[in-house]
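A.B. asks: Pasting the sequence and the predicted model now:
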Amino acid sequence: EAQVTQNPRYLITVTGKKLTVTCSQNMNHEYMSWYRQDPGLGLRQIYYSMNVEVTDKGDVPEGYKVSRKEKRNFPLILESPSPNQTSLYFCASSPGGTGDSPLHFGNGTRLTVT
Amino acid sequence: SQQGEEDPQALSIQEGENATMNCSYKTSINNLQWYRQNSGRGLVHLILIRSNEREKHSGRLRVTLDTSKKSSSLLITASRAADTASYFCATVPNSGYALNFGKGTSLLVTP
């Protein structure tokens, strides 16, 4: 089944403890992206990747890192999480990077930083 | 950056009625897409309309696009309880490729 898989679904951590949220897609998509969703703010893009080894900042990249060493994987890394990074995170992918094709979303990771 | 803005923020209707949601945006776009999100889940793509198209249909969904007014509407006909969800419009600007999402319309369909 074609899908975007994020892990974990739920994560509770403490301030400053490094964490990684994994994202994997099995559709051979070129484009991958991370969003965070907060009440009243909608979805905001954190980072995106047009292809392997190519990543770029979105609207809210501060406090996050990403890597794209393989086409299928696009992990989101929080080196030193803070409470304002408590949010619902979504990974998404699409065949092309022009925005001309729909995004396929994972089921989300709900992160709580205490 | 967020560009699309949905209206209304929330909509409550009864099964069988039609639901209309609107989206306004600010800059020229390549295309506009509508997504649905069930509570706490990932977004699901519904329909994509390109800037040179004016209307598109998919099942019970009808989307219109007016580039002169920088607005789009999503019509769901003969709504069902299963249509209860949040609906988002997302735009792709001419100058870029990132999808910019609005804040969504929350639709409640009661039996």
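C.D. replies: The structure has been received and is ready for your questions.

A.B. asks: mind listing the strands for chain B?
C.D. replies: Counting by DSSP state E, one finds strands in chain B at the ranges B:5-7, B:10-14, B:19-24, B:29-37, B:43-50, B:55-58, B:61-66, B:71-76, B:85-93, B:100-101, B:105-110.

A.B. asks: Correction: the previous question concerned chain A.
C.D. replies: With DSSP E as the definition, chain A shows strands at residue ranges A:4-7, A:10-13, A:19-25, A:31-38, A:42-51, A:54-57, A:65-66, A:76-78, A:87-94, A:104-105, A:109-113.

A.B. asks: and the ones you listed as CSV, adding mean neighbour count?
C.D. replies: No exception for glycine: its C-beta is placed from N, CA and C like everyone else's. Formatted as CSV, these follow (neighbours: other Cβ atoms under 10 Å in any protein chain shown):
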stretch, mean neighbour count
strand A:4-7, 19
strand A:10-13, 13
strand A:19-25, 19
strand A:31-38, 24
strand A:42-51, 21
strand A:54-57, 14
strand A:65-66, 18
strand A:76-78, 19
strand A:87-94, 24
strand A:104-105, 22
strand A:109-113, 19
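
A.B. asks: returning to what we had before: possible to save the strands of chain B as JSON lines with mean neighbour count?
C.D. replies: What follows is the strands of chain B, written out as JSON lines (neighbours: other Cβ under 10 Å):
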{"stretch": "strand B:5-7", "mean neighbour count": "18"}
{"stretch": "strand B:10-14", "mean neighbour count": "14"}
{"stretch": "strand B:19-24", "mean neighbour count": "19"}
{"stretch": "strand B:29-37", "mean neighbour count": "23"}
{"stretch": "strand B:43-50", "mean neighbour count": "18"}
{"stretch": "strand B:55-58", "mean neighbour count": "12"}
{"stretch": "strand B:61-66", "mean neighbour count": "18"}
{"stretch": "strand B:71-76", "mean neighbour count": "20"}
{"stretch": "strand B:85-93", "mean neighbour count": "24"}
{"stretch": "strand B:100-101", "mean neighbour count": "24"}
{"stretch": "strand B:105-110", "mean neighbour count": "18"}
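
A.B. asks: thinking residue B:45 is in contact with residue A:101, fair?
C.D. replies: No. Checked against Cβ atoms under 8 Å, the pair residue B:45 and residue A:101 is beyond contact range at 9.1 Å.

A.B. asks: re earlier: check the strands of chain B for me: which has the lowest mean pLDDT.
C.D. replies: If you rank the strands of chain B by mean pLDDT, strand B:5-7 sits at the bottom with a mean of 85.

A.B. asks: Contacts for it next, please.
C.D. replies: Residues from elsewhere that reach strand B:5-7, judged by Cβ atoms under 8 Å, 6 or more residues apart in numbering or on different chains: B:21-25, B:87-89, B:102-105.

A.B. asks: Tell me the strands beside it, with direction?
C.D. replies: In the sheet containing strand B:5-7, the strands it pairs with under DSSP bridges are strand B:19-24 (antiparallel).

A.B. asks: So which of the strands of chain B is nearest residue A:29?
C.D. replies: strand B:43-50 (13.2 Å; Cβ to Cβ).

A.B. asks: For the spatially closest residue to residue B:84 that is not a sequence neighbour, list each beta-bridge partner.
C.D. replies: Taking Cβ to Cβ, 6 or more residues apart in numbering or on different chains, and ignoring the residues beside it in sequence, residue B:84 has residue B:109 as its nearest neighbour in space, at 5.0 Å. With beta bridges defined as DSSP bridges, residue B:109 has these partners: residue B:13.
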